[in-house]
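A.B. asks: Quick one, fold the following:
(chains A and B)
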Amino acid sequence: MFDSASIIVGLEIGTSKVCAVVGDLSPEGVLNIVGLGQAKSRGVRKGEIMDAPQAEEDIRQAIVEAEQMADVEIRSVYLGVTGAHIRGFNNRGVHPVVSADREISEADLQDVIKNAKTINLPAQNHVIHAIRQHFLVDGQDGIANPVGMLGSRVEVDVHVVHGNLNRLQNAIRAVKSLQLEVDDIVFTGLASSLALLSNEQKELGSLVIDIGGGTTEYVVYANGIIKHTGVLAVGGDHISNDLAYGLKVPLSRAEQLKIERGSAFVEEDAKGQTITLANELGMPLKVISLENLRRIMAVRLEELFELLAQDIQQVNAMDYLRAGVFLAGGGARIPQIGKLAEKILGMPVSCGKTTSVSGLKSALDQPEFASPIGLVKFGTFQQRKRATKGFLKDTLGQFFRRT
Amino acid sequence: MDESPLTTPPAIENTARAVCLKVLGIGNAGMSVLELLVAGGFPAASTAAINSDLETLQASSLPAKVPLETKLLRGLGSGGDPERGRTLAEEHAAAIKELCRGSDLVFITAGLGGGCGTGAGPIVARLAKETGALVVAFLMTPFDCEGSRRQHLAQKGLEAFREAADAVICLPNQKLFKTLEENTSVLGAFKLTDELLADAVRSFWHLATHKGLIDLHFGQLCELLRDQHTESAFAVAEAMGPTRSREVVEKLLGSPLLDGGAVLPESDSILVSLMGGPDLTIADVNRVMEEIASKCEGVQVTMGAAIHQDFQDRLGVTIIAARCVDHSSAPVSRPGIEGLQSQLLSGSSPRSGSRFVPPPPTLRPEQVEQLIARQGRGRGQKGGPRFRQAQLPLEIVSKGRFDKSEPTIHKGEDLDVPTYIRRGVALN
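C.D. replies: Below is the predicted model:
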């Protein structure tokens, strides 16, 4: 039905669900979400695959569902990766301008970016992204494109996101075992931010917090560039686990209670209220206090935001966030979470909305789908880059790859 | 003996009070300290040497000498056997007492680990005390490289000294080892330690006898030390020039003998003696004392400042940090081994019967002594020995879902454990 070259698929192997989103990039460059497939994830803990066969089955299920919905054959995916091993930091590359007239050329830029990307990392670490920030010409900051400027020294900052190669390979292998190609791996925090933020919000400075099942990813944008990224291996699973432990109920029941009765705040009216748990025949099993439930959730979420605030404060990025905080992931659904985050972070917090993408309304409005949609969006950027680099070479390359 | 033991001790110059001082050097090490002391301007008349090694004794320039000899030894010394030294000293008790008679203050310098200082020293201290003098022992323990036997003997000697003397100031040579340069000769190393000990004696002497800017009365000193059986750490520092008061404190606190100042807050009383020229200002004194006091809050600090003509533009500070080993509980005599044993084991008696308590290990008397000594050395009577409840490596909170995954550790905190448990939030 669709031209397969224009199909871009984002796959996220999350802790609570595996999700595949199919996007169709029209010749005019408009992205349209045409398919969505998801499956409950059973082989993943804290964003990393622990049980490969189980995870492969879940991936297959999600992919098949997405294929059916979009009526396409999925051959390659942009794979989202996360986990506590992923770190972000900033690195600077320096390059002296050697040409006689001191004019900065495209070649100089390539060199300085190359310098910035040469990073001393332990051998087992793999650079996932090296995202260019602003250029500096002779120490002058904030230059977006210095080509044609005069100067003796050009510098560039890159934001490097790296992770443990073996642990990244686990996810890639699981996908490859299903005869799928991996176009690229993308840090899911980055993907969410791509889906949620408009250029204006990036320019103003914003913080995207994706509270997933097992991990929480966060990305800080300031002045249009990525300033900071991070992962905290705490997520919705922790809340369920805390509840199961604190209320002495099975994990599945705790999960259900979290979704049905949870809140990020202990409201006055919750005090003294009780919930009667019933077994499948409707017989009362147990009475638990709603206040306790909310208290357990509230302290966990409070801690989560406090840890994030500490980390962001450490890189002095708090003052750059003029557009505020955007929440994504399943955690963004918790009632009152925005209010709690506002209290701790001290700035406006809203639930992120997927922007500049059209298509399935059901997918676009859900905060959980921010990162797979972001993956598709990342894919469109890559596709465009390829297109500008050399259409002929690219199509020929693809032609050969297919046959 | 070329000069009779002094019956009328000489008056020490610059003394306002007629404090009669006697410095006894025991053994070869004690004598060499004494010789350094005399060479440094100490009135030779108030010194005396006691040694079992006749050869060294004869070669020495000290005026008063008490040879500890019997026909049995043929003047060859005690041969590194403290037992012999002890017997010899008992044998010559009369001569030693005679030497100390009339003195208010007796200083004993000795090196521990050999025969004479270790064996005879404590006996001399006891005899001197019996004549009514305040006895302060200045001791050195051997370097580690001198062998474990000497170390062991030195420890025993130190114990004996602690019981016999009013105060013991001990210079563990090994502590100085770090400060020695690589190419220091053996002679040089011993000379250095001798000099340090001589410095300590000298400053104590100054403290007790010199007319001070801020007086430390002899009586006060006695009160501080008498029957306290303290063990002390000390350090001496000197500095010159306009910033001397600041430099001197820095030097003091950096001294390995005070463990970089760590000893100070642990001690029970601290004695600070300042020695300055006529240009010593009250501001200097204040600065030094403030710095020291800030390092040891809640500790009794006694200070004395003395003036000496030679100290123009110089400032010397001696700090003696005393720790009472066993303060009121132990009388002068040592409790019997049986008593110690029960004291050691008393900790395990009130356990409940349900739990299996392994029987206490049978200890030889020496081991018991060592254990007691180790306990005593810990913190003195200040707050008594501190017990810390050990933590059992039991995981009380099960990790549930995260049992097999890599724990999320953030700044030493396991985030997988429910927050409300870590924060101690009470649930109703």
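
A.B. asks: where does chain A have low pLDDT?
C.D. replies: A:1-5, A:356, A:363, A:389-403 (pLDDT under 70).

A.B. asks: Would you tell me which residues of it are close to chain B?
C.D. replies: With C-beta under 8 Å from any C-beta of the partner chain as the criterion, chain A comes near chain B at residues A:45-46, A:48, A:50, A:84, A:232-234, A:237-238, A:240-242, A:244-246, A:251, A:289, A:291-292, A:295-296, A:299-300, A:302-303, A:307. Glycine gets a C-beta too; all of them are placed from N, C-alpha and C.

A.B. asks: Doesn't residue B:207 belong to a helix?
C.D. replies: Yes: read with DSSP: H, G, I helix; E, B strand; the rest coil, residue B:207 is one of the residues of a helix.

A.B. asks: give me the element the nearest residue to it once chain neighbours are set aside is part of.
C.D. replies: If you skip the residues right next to it in sequence, residue B:207 has residue B:273 as its closest partner in space, 4.3 Å away by C-beta to C-beta, 6 or more residues apart in numbering or on different chains. With the criterion set as DSSP states H and E, the secondary-structure element containing residue B:273 is strand B:269-276.

A.B. asks: for that strand, packing partners?
C.D. replies: Using 3 or more C-beta pairs under 8 Å, 6 or more residues apart in numbering or on different chains; DSSP states H and E, the elements in contact with strand B:269-276 are helix B:186-209, helix B:282-295, strand B:300-307, strand B:314-324.

A.B. asks: C-alpha coordinates for the shortest one, PDB please?
C.D. replies: In PDB, the C-alpha atoms belonging to strand B:300-307 read as follows (Å, rounded to 0.1, in the frame of the first residue of the first chain):
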ATOM      1  CA  GLN B 300      41.400  21.100  80.100                       C
ATOM      2  CA  VAL B 301      44.200  23.200  78.700                       C
ATOM      3  CA  THR B 302      46.900  24.500  81.100                       C
ATOM      4  CA  MET B 303      49.400  26.900  79.800                       C
ATOM      5  CA  GLY B 304      52.600  28.600  80.800                       C
ATOM      6  CA  ALA B 305      54.600  31.200  79.100                       C
ATOM      7  CA  ALA B 306      58.200  31.800  79.900                       C
ATOM      8  CA  ILE B 307      60.700  34.400  78.900                       C
END
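
A.B. asks: Packing partners of that strand?
C.D. replies: With contacts defined as 3+ C-beta pairs under 8 Å, 6+ apart, strand B:300-307 has these neighbours: helix B:186-209, strand B:212-214, strand B:269-276, helix B:282-295.

A.B. asks: if you set the cut-off to 10 Å instead, what comes out?
C.D. replies: Here strand B:300-307 touches helix B:186-209, strand B:212-214, helix B:218-225, strand B:269-276, helix B:282-295, strand B:314-324, going by 3 or more C-beta pairs under 10 Å, 6 or more residues apart in numbering or on different chains; DSSP states H and E.

A.B. asks: what about the first one, distance to the chain center?
C.D. replies: So that's helix B:186-209. Offset of helix B:186-209 from its chain centre (C-alpha atoms, centre = their mean, to the nearest Å): 13 Å.

A.B. asks: now the last one
C.D. replies: The chain centroid and the centroid of strand B:314-324 are separated by 11 Å under C-alpha atoms, centre = their mean.

A.B. asks: Partner strands of that strand and their direction?
C.D. replies: Sheet partners assigned to strand B:314-324 using DSSP bridges are listed as strand B:230-240 (antiparallel), strand B:269-276 (antiparallel).

A.B. asks: Which positions within the next helix or strand after the first one qualify as buried?
C.D. replies: Tracing the chain past strand B:230-240, the next element assigned as helix or strand by DSSP H and E is helix B:244-253. Across helix B:244-253, burial judged by 16 or more other C-beta atoms under 10 Å in any protein chain shown covers B:244-245, B:247-249, B:251-253.

A.B. asks: ok, residue B:232 to chain A distance?
C.D. replies: 47 Å (C-beta to the nearest C-beta, to the nearest Å).

A.B. asks: what's across from that residue in the sheet?
C.D. replies: The partner list for residue B:232 in beta bridges (DSSP bridges) reads residue B:169, residue B:322.

A.B. asks: Would you mind confirming that it makes contact with residue B:172?
C.D. replies: No: in this structure, residue B:232 is not within contact of residue B:172 by C-beta atoms under 10 Å, at 11.7 Å.

A.B. asks: out of the two, which sits in the more crowded spot?
C.D. replies: Using other C-beta atoms under 10 Å in any protein chain shown as the criterion, residue B:232 and residue B:172 rank with residue B:232 on top: 26 against 20.

A.B. asks: quick one: contacts for that one?
C.D. replies: Contact partners of residue B:232, counting by C-beta atoms under 10 Å, 6 or more residues apart in numbering or on different chains, are B:136-138, B:167-171, B:200, B:225, B:263, B:267-271, B:319-323.

A.B. asks: same deal with residue B:32?
C.D. replies: Under the criterion of C-beta under 10 Å, 6+ apart, the neighbours of residue B:32 are B:25, B:49, B:56, B:60, B:109, B:111, B:190-191, B:193-195, B:197-198.

A.B. asks: ok so, going back, reformat the helices and strands packed on strand B:300-307 as CSV; add mean neighbour count and mean pLDDT.
C.D. replies: Listed next are the helices and strands packed on strand B:300-307 as CSV, based on neighbours: other C-beta atoms under 10 Å in any protein chain shown; pLDDT from 0 to 100:
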stretch, mean neighbour count, mean pLDDT
helix B:186-209, 20, 78
strand B:212-214, 16, 64
helix B:218-225, 17, 68
strand B:269-276, 24, 78
helix B:282-295, 16, 80
strand B:314-324, 24, 77
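
A.B. asks: from the buried residues of helix B:244-253, which single one is nearest chain A?
C.D. replies: Out of those, the one with the shortest distance to chain A is residue B:253. That distance is 34.2 Å, counting by C-beta to the nearest C-beta.

A.B. asks: This completes my enquiry, with thanks.
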